[in-house]
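Q: Just the structure for this:
(chains A and B)
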2 protein chains.
Amino acid sequence: MDIEVIAFDVFGTLVDWRSSITDAFARAGRAAGLTADWAAAADAWRSRYYPAMAMVLNGEREFQPLDVLHAEMLDEVAAEFGLEALDGAARAELVRAWHQLAPWPDVVAGLAALRRRHIITPLSNGGVGLLTRLAKAAGLPFDCILSAELASTYKPDRRVYELPAAYFDVPAAQVLMVACHPSDLDGARHAGLATAYIPRAHEWGPGGSAPAPQDWVDLAADDLMALAALL
Amino acid sequence: MDIEVIAFDVFGTLVDWRSSITDAFARAGRAAGLTADWAAAADAWRSRYYPAMAMVLNGEREFQPLDVLHAEMLDEVAAEFGLEALDGAARAELVRAWHQLAPWPDVVAGLAALRRRHIITPLSNGGVGLLTRLAKAAGLPFDCILSAELASTYKPDRRVYELPAAYFDVPAAQVLMVACHPSDLDGARHAGLATAYIPRAHEWGPGGSAPAPQDWVDLAADDLMALAALL
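A: Down below sits the predicted model:
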């Protein structure tokens, strides 16, 4: 393997969106005098992610930045969980909570190790602004910020996976996609990228589990430090 | 002033392209057994920059990444300076020399200081790959990499200056453009950005001079450390 650029999925792979969004819901709820199962609300919000993007991917609607989709999904979650008392400012702040998610414990050191010999970038459905703010807040030392927004579509649209090779003028096989979601890696390999699987058993909370590494991935490692050792 | 994002011109403003390209020419010449006034060759190459981009801006040709324009301009410079003996590999390496330019002495510390309270990004006619590699090699701690390439045009096309406000969802007035070229700042202010002028008297070599600050800029500072103190 001759890898020049390493591209990372972000939500789930690098950051623990569930804990951060649960906390953000709890803060917003406290301020509005509301109670609910905030982790369930976070899960409900995230569960609307793929269906919302599917409408863009299917051509049912034009590309919208993820912040716009997040705001729409949140209105539905608020209705479902009896959170109608959350006003516009509170909802805007919740949408911005996706700009400040806590990294998994291995991520900051793992990225720093991987950065020594490779160009590292996110390759996420989050927008350029979202990813930049997230990386800055979490101290993720990316070399640049690539987002599905730059292709005006979402993963697993092939055009997203083609961005790193195009911008860096290298063959697709010199780009390594790192993700905890087999579907993301499957999209990447169909675009000719190398793939690395990292399990994140706790993405959906304690007691969860992660799939075994797919037999077709190029690399599998327990976390980013282990991946850096492999490379 | 309420600035959230600081966007930097790169060639001349942050990096000393002339010394780096002169050195690259000297290395390539030595390897090929050639001698020439390498600083003059560097100046000749850079002098073709605005005319080459003008053809794209005028609609005479489609957008091409700067690396492509650099390669074309280099062929012309090679003919002009009797450097026909530079082969394809040597020319490709010279084009890549624009990916590794030395920063001015104040730049790394100045960017680090400005980064503490602002999002910092290049906003250059260099491509995403060029700028990422340049920032990585020079240790420029950008939060993201914005390039004219993302608008498929070049500065001073207004669409380039509009990128930071669009990606970060802030008013244009909350974006500060920093440059040593009045024409760049003029383009930025016409797109509604705040502007900061930094003189770089030695951009075209020792003995050069820089224009006085334009009376319409929002800020003027001797270097990036002084700009950080102003902000």
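
Q: For the spatially most central residue of chain A, name its beta-bridge partners.
A: Nearest to the geometric centre of chain A sits A:F11, at 2.4 Å (C-alpha atoms, centre = their mean). Per DSSP bridges, the residues bridged to A:F11 are A:V15.

Q: That one reaches A:L123, doesn't it?
A: No. Using C-beta atoms under 8 Å as the test, A:F11 is too far from A:L123 to be in contact (11.8 Å). (Each C-beta comes from the backbone N, C-alpha and C, glycine too.)

Q: Please tell me how far stretch A:9-29 is from the chain's geometric centre.
A: Centre-to-centre, stretch A:9-29 and its host chain are 11 Å apart (C-alpha atoms, centre = their mean, to the nearest Å).

Q: whoops, I mixed them up, stretch A:123-135
A: 8 Å.

Q: Kindly report the same for stretch A:70-87.
A: For stretch A:70-87, the distance to the chain centre is 22 Å (C-alpha atoms, centre = their mean).

Q: Now look at that stretch and say if it contacts chain B.
A: No. Shown here: stretch A:70-87 not in contact with chain B (C-beta under 8 Å from any C-beta of the partner chain), separated by at least 11.7 Å.

Q: For A:L86, grab the count of nearby residues.
A: Using other C-beta atoms under 10 Å in any protein chain shown, A:L86 has 21 neighbouring residues.

Q: Which phi and psi values does the closest residue to A:S124 other than its chain neighbours adopt?
A: Closest residue in space to A:S124, ignoring its immediate chain neighbours: A:V10 at 3.9 Å, by C-beta to C-beta, 6 or more residues apart in numbering or on different chains. Taking degrees, to the nearest 10, you get phi -110, psi -60 for the backbone angles of A:V10.

Q: swap in A:T121?
A: phi -150, psi 150.

Q: do you know how far the closest residue to A:Y154 other than its chain neighbours is from chain B?
A: With C-beta to C-beta, 6+ apart as the criterion, A:Y154 has its nearest non-adjacent residue at 4.4 Å, and that residue is A:M53. According to C-beta to the nearest C-beta, to the nearest Å, A:M53 and chain B sit 19 Å apart.

Q: so A:M53 makes contact with A:N125?
A: Yes. Between A:M53 and A:N125 a contact is recorded at 6.6 Å, counting by C-beta under 8 Å.

Q: Just want to know which of those two has more residues nearby.
A: A:N125 (27 against 21).

Q: per-residue confidence for that one?
A: A:N125 carries a pLDDT value of 97.

Q: So what does it look like in phi/psi?
A: phi -80, psi -10.

Q: That one and chain B, how far apart?
A: For A:N125, the distance to chain B - C-beta to the nearest C-beta - is 15 Å.

Q: can you check A:Q214 too?
A: In terms of C-beta to the nearest C-beta, A:Q214 sits 30 Å off from chain B.

Q: where's the closest residue to that residue other than its chain neighbours relative to A:G139, distance?
A: In space, and not counting its chain neighbours, A:Q214 is closest to A:P182: 5.3 Å by C-beta to C-beta, 6+ apart. In this view, A:P182 and A:G139 are 28 Å apart by C-beta to C-beta, to the nearest Å.

Q: swap in A:I6?
A: In terms of C-beta to C-beta, A:I6 sits 18 Å off from A:G139.

Q: Counting neighbours, go ahead and name the busier of these two.
A: Remark: of A:I6 and A:G139, A:I6 carries more neighbours, 27 against 11, as counted by other C-beta under 10 Å.

Q: does that one really touch A:I120, like I thought?
A: Yes. Taking C-beta under 8 Å as the definition, A:I6 is a contact partner of A:I120 at 5.0 Å.

Q: who's in contact with A:H202?
A: Listed by C-beta atoms under 8 Å, 6 or more residues apart in numbering or on different chains, the contact set of A:H202 reads A:16, A:208.

Q: What parts of chain A come near chain B?
A: A:67, A:119, A:121, A:127-129, A:131-133, A:135-136, A:142-146, A:149-150, A:167-169.

Q: give me the number of residues near the residue lying closest to A:A137 once chain neighbours are set aside?
A: Leaving out its chain neighbours, the residue that sits closest to A:A137 by C-beta to C-beta, 6+ apart is A:Q100, at 4.6 Å. Residues lying near A:Q100 (other C-beta under 10 Å) number 15.

Q: A:Q100 and A:K136 touch, don't they?
A: No. A:Q100 lies out of contact with A:K136 (C-beta under 8 Å); the separation is 9.3 Å.

Q: Next up, the contacts around the closest residue in space to A:A191 that isn't next to it in sequence.
A: In space, and not counting its chain neighbours, A:A191 is closest to A:Y161: 3.6 Å by C-beta to C-beta, 6+ apart. Neighbouring residues of A:Y161 by C-beta under 8 Å, 6+ apart: A:123, A:155, A:172, A:177, A:187-188, A:190-191, A:193.

Q: which one of those sits closest to chain B?
A: Minimum distance to chain B across those is 12.8 Å, recorded for A:L123 (C-beta to the nearest C-beta).

Q: Look up which residues are beta-bridged to the closest one.
A: Bridge pairing for A:L123 (DSSP bridges) gives the partners A:L146.

Q: circling back to that earlier point, please give me every residue in contact with the residue nearest to A:Q214.
A: Counting by C-beta under 8 Å, 6+ apart, A:P182 has contacts A:197, A:211, A:214.

Q: residues of the lowest-mean-pLDDT helix or strand in chain A that come out buried?
A: Between all helices and strands in chain A, the lowest mean by mean pLDDT, DSSP states H and E belongs to helix A:49-57, at a mean of 92. Using 16 or more other C-beta atoms under 10 Å in any protein chain shown as the test for burial, helix A:49-57 gives A:49, A:52-53, A:56.

Q: immediately after that helix, which helix or strand?
A: Per DSSP states H and E, the first helix or strand lying C-terminal to helix A:49-57 is helix A:66-80.

Q: What is the three-state secondary structure of the residue nearest to A:A137?
A: Put simply, A:Q100 is coil when judged by DSSP: H, G, I helix; E, B strand; the rest coil.

Q: residue contacts, it?
A: A:Q100 touches A:20, A:133-134, A:137-138, counting by C-beta under 8 Å, 6+ apart.

Q: anything in contact with each of A:I6 and A:I120?
A: Common neighbours of A:I6 and A:I120 (C-beta under 8 Å, 6+ apart) are A:L114.

Q: Would you state the strands of chain A in chain order?
A: A:5-8, A:119-124, A:146-147, A:175-179, A:194-197, A:219-220 (DSSP state E).

Q: Ok, which of these comes nearest A:W38?
A: strand A:119-124 (23.9 Å; C-beta to C-beta).

Q: Report the inter-axis angle for that closest one versus strand A:175-179.
A: Here strand A:119-124 runs at an angle of 50 degrees relative to strand A:175-179 (axes from the mean of the first three to the mean of the last three C-alpha atoms, to 10 degrees).

Q: which outside residues touch strand A:119-124?
A: Outside strand A:119-124, the residues touching it (C-beta under 8 Å, 6+ apart) are A:4-11, A:14, A:111, A:114, A:131, A:135, A:140-148, A:155, A:160-161, A:163-164, A:168, A:177, B:132-133, B:136.
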